[in-house]
Every structure is written in C-alpha cells, then in structure tokens.
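Novice: sequence-free structure coming up:
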C-alpha cells in the first residue's frame, strides 16, 4: 500500500509571500507541559528507568515540576514577555491548583493534554476516545471559562479516529506534528483541523530525557533552530515552537541553560512575534488566500 501522508503535499517554495501581524516573519511560541501521573500505573516519564515499586524516586522527580519548576519557568518566560501555552493534564487542577492559578495570572493559554500522562489515546475505541476528549474539554472550560482551542496528545499517541474526534468535539488545532514550518489544514471525516508546527526535537522530553542530550546542547539546538528559521522567514510567515516540561526544564541547571537561549532570542524581538498557538491559528485563518 502506498504511503498516505498526513496532509496533501505542498512545497514551501511554491507558496506566496506572507507575514504575521506587525509585518514580522517568525512567530515563536513556548509550550509548557504541566502533567500528572497515576502512581505506578500506566505510562510514565522516568529519569531512572526500572526503579523499584513503589517508585518514590521518579514520582518525586516529576512532582518537582508542579511544586517548583513550573512556577520558575512561567516567571522566567514572563521576563521576556512570553506567556506559554500550557499543555495540561486536567488532573493537575485537583493536585496542584496553585500552579494553574499562577499560570492563569500570567496570561497563559491552556491546551488540552489529557486527564493524566499515564493515559494514551492509542488504545481507546472511537466512542471512549470521544468521551475522553470531551472530559478534558469540559474540565478546562469549567476552570478557565473557555473551552480549549488546541490539543496535544499524551505521548504524541493517536488512534485511527483521533483527528476526526478532535474536530467533532470542538478542538480547532493540534500541537502534535512537525510536518511543516507553517500551519497546515488537515481534512478529517468530521471537518478541518489545523496542525501547528510542534517541535518534536526542540522538546526537552524527547531530547534531554529520551536522548540524554546535555542541557547546554539543548540550548544550542534552540538557538540554531531560531537563527535558521529567522533567516528563512524573510519572505514567508513561519512558526517556531519550544517545548519544555515543568519537571524537565524546570530543573535549575536546565533552566539556566534555557535562559541563555531565551536571551539570544530576545535580542531579536523586533523581528519576532512572541505569541501563543491560539493567536497563530486565528491569524493564519484570516490570511489572504
């Protein structure tokens, strides 16, 4: 069977010139994962794989993000005029409410990211998946006063019906894929869904934990990604994402390295649109065709 792409092929060289609001070429957003896990059950992100049960060591490492790291990341980003998009496991409302109060006060956008990160959509049947997406949507709407426009799947895992179910349940854009440097419209059985560029490698989970990349090297990756995209954005509106997690980049030594990368990016703020996924999606929807 031939390969079936996520979206119809489009060469970036064949697209017309475009700009973001204010005439800027590069939109930069930060996605901050704030997560909850069921103790010793389901999927986990571990710094020490294979720990004994009960796994108090990895559990405490992850807890650090909601007790300490998330606050520091939000405050550090605020110093650069950046309010991140929170990729939220909604169980955090019950376990670390003050962190979400802090995020709300900072003007963060909340993006659906499951009930907990012990979950995966990949094993759900269509009806159960739809109910799961609705549960996340409804909890965020109740707590924040608005339903989430965006979704990011726990573990970037999907079922055959995920994209259609997202469109059906009211999500307008998804932060899971890096198939382009511009937003891409996906056609689903239940309507359109916008895929915003999401850094699979400019991501502290896949890179710093998954590949054990040193913090300084991860910061260099951010700088190099930014410089190259800024150059490429002279005639086309492009998107860069930086994906961090409260318990990963919230660790002091990683936060220090991340700060150096943010210093570099902030030095070009006149040429960059620091923004959030909701604003990127809205602006892209209104662009001249």
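Specialist: Done, it's in. What you see is a predicted model, and the numbers here were worked out from it, not measured in a lab. Numbers count the residues shown, from 1 in each chain.

Novice: Pull out the buried residues from stretch 71-86.
Specialist: Residues of stretch 71-86 classed as buried: 71-74, 76-77, 80, 82-86 (neighbour count, 16 or more other Cβ atoms under 10 Å). No exception for glycine: its C-beta is placed from N, CA and C like everyone else's.

Novice: between these, which is closest to residue 276?
Specialist: Each of these was checked against residue 276 using Cβ to Cβ; the closest is residue 85, at 5.2 Å.

Novice: neighbours around residue 141, how many?
Specialist: Using other Cβ atoms under 10 Å, the number of residues around residue 141 comes to 14.

Novice: my read: it touches residue 147, true?
Specialist: Yes. Assessed by Cβ atoms under 8 Å, residue 141 is found in contact with residue 147 at 4.2 Å.

Novice: Surely residue 119 is in a strand?
Specialist: No. Read with DSSP: H, G, I helix; E, B strand; the rest coil, residue 119 is coil and lies in no strand.

Novice: Residue 237 and residue 25 touch, don't they?
Specialist: Yes. Here residue 237 reaches residue 25: they are 6.1 Å apart, a contact under Cβ under 8 Å.

Novice: joint contacts of those two?
Specialist: residue 19 (Cβ atoms under 8 Å, 6 or more residues apart in numbering).

Novice: Can you pick out the residue with more neighbours from those two?
Specialist: residue 237 (24 against 21).

Novice: ok now do that one, which residues does it touch?
Specialist: 18-20, 25-27, 182, 284, 287.

Novice: Out of those residues, which end up buried?
Specialist: 18, 20, 25-27, 182, 284.

Novice: out of everything not next to it in sequence, what's closest to residue 194?
Specialist: Leaving out its chain neighbours, the residue that sits closest to residue 194 by Cβ to Cβ, 6 or more residues apart in numbering is residue 173, at 4.1 Å.

Novice: Specify the beta-bridge partners of the one you found.
Specialist: Beta bridges link residue 173 to residue 150, residue 194 when assigned by DSSP bridges.

Novice: Can you give me the neighbour number for it?
Specialist: Neighbour tally, residue 173, other Cβ under 10 Å: 26.

Novice: where does the most centrally placed residue in the chain fall, phi/psi-wise?
Specialist: Closest to where the C-alpha atoms of the chain average out (Cα atoms, centre = their mean) is residue 31, at 3.9 Å. For residue 31, the backbone dihedrals (degrees, to the nearest 10) come out as phi -100, psi 120.

Novice: Give me the contact list for stretch 134-142.
Specialist: Contacts for stretch 134-142 (Cβ under 8 Å, 6+ apart): 88, 90, 93, 110, 112-115, 146-148, 151, 169-171.

Novice: do that again at 10 Å, thanks
Specialist: 86, 88-91, 93-94, 110-115, 119, 146-148, 151, 165-166, 168-171 (Cβ atoms under 10 Å, 6 or more residues apart in numbering).

Novice: quick one, strands of the stretch 1-150 of the chain?
Specialist: Ranges of strands in the stretch 1-150 of the chain, per DSSP state E, counting those that start in this stretch, are 26-34, 85-88, 109-112, 150-151.
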